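> Give me a model of this one.
(2 chains)
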Amino acid sequence: MVEWSELKKKAIEFWNEYRRFKIGLVGLGVLIVLIVMAVIPSFLFPPETYYNWNNYPGWQLNPRLAPPLWVNYFSTKKYTPPETLEPIEYEELWRYYAETFIKLNNITDPQVIEQVYDAFEKQLEGKGYVYFYEYDFKWDVPSEDIMILVSNVTTRISLTLGITRPIETYQGQEIQLSFYPAFTTDVTATNGTVIIHLYNSEKLMQVLVKDMISKYEDPEIFRNATENNILSARVMSPAKLLFYKVGPGMIFGQQGTLKGVYRFNITVEALNGSLKYPPKIEIRIPGSCYGVLGTDFRGRDIFVGILWGSRVALMIGIVYAVSVVLIGLIYGVVSAYAGGLVDEIMQRINEVLYSIPLLPFLILFSYTVRELYGGLTVWHVIGILIIFAWTGLAIVVRSMALQIKEQPFVEAARAVGASGFRIVFKHILPQLMPYAFASMALAVPGAILIEAGLSFLGLSDPNIPTWGKMIYEAQNSLSSWWWVLSPGIMIAVTGMTFVFIGNALDTILNPKLRKL
Amino acid sequence: MGYARYLAFRAINSFIVLLAALLIASIAFNALADRTVEAMVNEKVNQVRMQIQQRRIEFIDVLRGVAPKLLEWNITITYKGRPISCYKFTKAYEEGKLTNMSKDDINTIAEYCFLSYVREREEVRWGLNLPPYLRILLYVYKSLILDFGEAKAKYPQFGTSDIRAMVLTAMGRTALLFTTAYMINVAIALFLGLQMARKVGSILDRSISIVAMISASLPMFWVGMLMIYVFAYVLKWFPSQAMEPIPESIRGNIFAELQWWLWHMAVPIMTIVLVGFGGGAYATRNLVISIMQEDFVTTARAKGVPERKVIYGHVLRAASPPIVTSISLGFIGTFFGAIISEVVFGWPGMGSLYYLALYNADVPVLMANTFMFVFLFVLVKFMLEIIYGFLDPRIKASR
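Okay, the predicted model is just below:
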C-alpha cells in the first residue's frame, strides 16, 4: 500500500525531474493555455454557437469571408471594421414633414408655422418616424453589405432609406450625391428582429445606376457593363458600390473609396393603423474584416469555432487516451498474469484486432451508426475509435507485466496468500503507471488527427464546430488564409503539446533513452 | 527451413486477420443491408420491368422459361383478391386451359409473377432469405471472390460502374502514389537517420528531431491544402488537381506519359514525404544509436575497422530489420491521413472513392472499398514480414 506522504514525496521528486526538460515545460504551458481555451467559450459565447454552429442566427450580422480585424495593422489597404449605427436622432413623421415643408416654402411667419405644424400633426400624428444616422467611413475596402435591423414593430410599416454621400470632386467640380428614396420595403409586425440586406437589392442598384453610375462612369465602360448585365445585384453588391468614388472605372472600384461622413435617413410609415412606439431601427455595417480570426463563407466567427473546437479536440483526445490506455493496461496485465491458455487466446484476439486497419473500419462504422441512429455525435466517434485502437498498448503492457510478474516482491505477495486480483491491482499495475501516463500523452494527437480526418470525410457531428470540419470547409477558399491556417495550426499545436509532454515523460521513465 | 516455416505461419496469420476483418465489416454491412439491399433489389426489379417492356417481350413468355424456379421457390401472388400459384398458372397456360381469362388478365398475372420471381432471385442473391449469421458469411464469401455487384451512382473518374473494376483501379492508383512516396521516404529517412545517429546532439540531429515531433501532429490533408496553394496557385508550377484525363496528344508516348504522371503526382508526393520523413529519420536514428551501443560494434571499432565500414557494414546490417519495420509501420500510420488527402489532391484513388461513395450514400461501393483496403493492408503487412524474415538472419537460422 502506497502511503499518502510517500506519494507526495514521489510526486515532488517527479516534478523536480520533469522540470529539467524544457520541451516538457513548454508542452505543459501550452496545455494549460489549451485547457483555458476549452473552458472559456462557455462564459464568452451563447451555447447556441456550439450546438447550432452552422445556423446560429447571429452569424447573419457578420461579414462573409472577412479577414481578422488586425490585418489593418499590416495591410496598406484598410478594411472596414463592423459597426452598428444607432440613430443620432429621430423625429415623429409629422414634425419632420412640417419642418421640411416650412423650409422648402421659406415660411417665416410664426403664426403660419404654427398652423402648418397643427395641420401636419392632425394628418400624420402617430403615422411614423424618421431616423437619422451618420457613418464616418475612412477605409479602403468597403463592406459587401449594409443591413437594416428592425425590431419592436407593432403594425405593418413601410420603410424608406435615403442616403447622402460626402462631398467629392469630379472633373474639378465639387459634387454631393444624394439618393432618395434609395430603397423601400415593407415590414410586417414582428416580435423578433427583421434583417434587411442591401447587398442583393435590385432597387438600390437601379437607383445607383440611374443617379450615379450612368452619370459619372466612363461611357464606354458603362455601355459594356450594361450589355454584359454586370450592373445587377446578382453580380455585384450595390452596398459596396455606394462607397466608391465616382469617375472612370468606378464600378470596379478603380477610383478608390470615397471617405467622409455618409448620412442615412430612414422613414418609417405605418401602412394601416398607427405606430404608438417608434420601432427600433439600426443600420449594421458588417464591414470587411471581423473579430480575432475573421469569418468564413457563412459569416461564422472563426475565433468562436476555434475555441469550441479546442474543447471538442481535448475532449476527444483525453477521453480516448485514458480509455485506450486503461483497457490496454488491464487487458495486458490480466493476460500476462493469467498465463497459459487464457493468455494464448487473449493474445490471438489481440493480434488479430491489432492487424486490422483502423481507417476503413472507422469510416464504415461511423457511417453505419449515422445511418442506423440517424445522426453521429462526437461520442460515437470516440467509442468506435476506442473499440479498434486499444490493442497496441496491450501487447507492450503484457511483455512488461511478464517481467514484473517474475520479480521477488510478487512472489512474496503470492507466498503470503494475496489473491490474484490484489496482486494485479496492487502490485503489478502501479509499476506500470508511469508508462501508462506517457502512453496517454502520446495517444492524444492520434485521436485528434483521426477525428479531423473523419470530419474531412463528412463523418462527424454535423452541428458542432470541430477543427477538422473547419479545414474541410475551407478547402475551396485556400486564399482565405485566416480560415485555412487557424484550425490546422491548432491541430498541430495541440498534437505537439502532447508529444512534448509524452516525450519528456518517456525520457524520465525510460532511462535507456536518457543516455542519448 | 526456418524461413519457410516462418512464412507459412505468417501467411496463415494474415489470412486469419483477413477473415476476421471481413467478418467485422460484413456485420456492419448486414446492419446496413435492410435499407440498402432492399433498395438495390427494388431497383433491379424496376430495371427488369423496363427492359422487358422496351424489348416488347410478353411476360408470359419469359415466365415459361423460369417455371422450375417458380415451383422451387413456391411463388404465389394475389390477383383481384385471389391467391394464384405462379407455377400452376404457367402450366395451365401451356396446356391451354386459360381460355376463360382475358388476354389482359393473363398478361398482368404473368407480369406480377415474373417480377416476384425477379425479386425472389435478387433476394436469394443478396441472402435476404437467410438467417443473419449465414447472410454475414455470404458477404464474407462474396468479398473473397470480389463479387460486389454494380454501383448505384456514377463515378466518371473510375470509368466503369462495375464495382470490382472500380475498386481495383482505385487500389492501383493509391498503390502507385504511395509506393513512390514510400521509396523516397525510406531513402531520405535512412540517410538522415544515419547522419543524425553519427553526430548525436548536432544541429542536424536536433532540428530533424523537432521536425519529426512537429510533423507527427500535422494533419496531412491540411499540409496538402497549403502545398496546393503554394505550388499550384502562387508559384503555378504544378496542377492543382491530379484528376485530369491524359491529353490525347501524348497518349502512347511512354516517356511523355510518364512525365505527365510525375508532374501530376509531384504535389501529393511532396506532401506525403514532407509529413513522413521526419518520423522515419527519427526512428532510424534511435534504432541506430541503440545498436551502436552494442558490444559487437565496440569490438569492431577496437579491431580498427574504419568508422564508415562500422556504420554501413555492422550497424546498418543489424539495424535494418527493425528499421524497415518501424519506418513502414510509421508510414502505414500516415496512410490514414494520406488517403484522406487524396480528396484534397483530387487523386482518384481509394480515398477519393471513399469520399464519393459516402457522398452518394453508395453502400456497396463503401463496402467494396473497405474490403479492398483490408486486403491491401494485410498484404502490405505480410510483405513486410517477408522482408523482415529475409533481413533478420536469426529467423533463417532457427528451426
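
> what about residue 202, neighbour count?
The chain I'm using is chain A. Counted with other CB atoms under 10 Å in any protein chain shown, residues neighbouring A:E202 total 11. Bear in mind the C-beta positions are built from the backbone N, C-alpha and C, glycine included.

> my question was about chain B
12.

> and the residue of chain A nearest chain B?
Of all residues in chain A, A:G495 sits closest to chain B, with a separation of 2.2 Å (CB to the nearest CB).

> Can you tell me the element that residue falls in?
A:G495 belongs to helix A:481-509 when elements are defined using DSSP states H and E.

> Okay, buried residues for that helix please.
Buried residues in helix A:481-509, counted by 16 or more other CB atoms under 10 Å in any protein chain shown: A:481-488, A:490-492, A:494-509.

> Distance from the chain centre to that helix, please.
Here helix A:481-509 shows a centroid-to-chain-centroid distance of 21 Å under the convention CA atoms, centre = their mean, to the nearest Å.

> swap in stretch B:158-165?
The chain centre lies 13 Å from the centre of stretch B:158-165; the measure is CA atoms, centre = their mean.

> doesn't A:L393 make contact with A:L329?
Yes: A:L329 is within contact range of A:L393, at 7.0 Å (criterion: CB atoms under 8 Å).

> mean confidence score for the helix holding A:G495?
Helix A:481-509 comes out with an average pLDDT of 88.

> that older thread, pull the contacting residues for the closest residue to the residue of chain A closest to chain B other than its chain neighbours.
Spatial nearest neighbour of A:G495, excluding adjacent residues (CB to CB, 6 or more residues apart in numbering or on different chains): B:S217 at 2.2 Å. Residues counted as contacts of B:S217 (CB atoms under 8 Å, 6 or more residues apart in numbering or on different chains) are A:P445, A:I448, A:L449, A:I491, A:A492, A:T494, A:G495, A:M496, A:F498, A:V499.

> what's the closest non-adjacent residue to the first one?
The reference is to A:P445. Excluding its sequence neighbours, the residue lying closest to A:P445 (CB to CB, 6+ apart) is A:G495, at 3.3 Å.

> pretty sure that neighbour contacts B:L218?
Yes: using CB under 8 Å, A:G495 makes contact with B:L218 at a distance of 7.5 Å.

> who touches both of those two?
With CB under 8 Å, 6+ apart, A:G495 and B:L218 have no common neighbours.

> Please convert the contacts of B:S217 to CSV, extending it with distance to B:R119.
Formatted as CSV, the contacts of B:S217 follow (distance: CB to CB, whole Å):
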residue, distance to B:R119
A:P445, 51
A:I448, 47
A:L449, 45
A:I491, 49
A:A492, 54
A:T494, 53
A:G495, 52
A:M496, 57
A:F498, 55
A:V499, 56
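
> what's the helix holding A:G495 packed up against?
Secondary-structure packing of helix A:481-509 (3 or more CB pairs under 8 Å, 6 or more residues apart in numbering or on different chains; DSSP states H and E): helix A:4-18, helix A:22-39, helix A:302-338, helix A:429-456, helix A:467-474, helix A:511-514, helix B:203-216, helix B:220-228.

> which one of those lies closest to A:R234?
Of all the helices and strands packed on helix A:481-509, it is helix A:467-474 that lies closest to A:R234, at 23.8 Å by CB to CB.

> my guess is A:P166 meets A:K245, correct?
No: using CB under 8 Å, A:P166 is not in contact with A:K245, being 10.0 Å away.

> Could you tell me which residues of the stretch 101-250 of chain B lie near chain A?
With the criterion set to CB under 8 Å from any CB of the partner chain, the stretch 101-250 of chain B comes near chain A through B:200, B:213-214, B:216-219, B:221-223, B:225-226, B:228-229, B:233.
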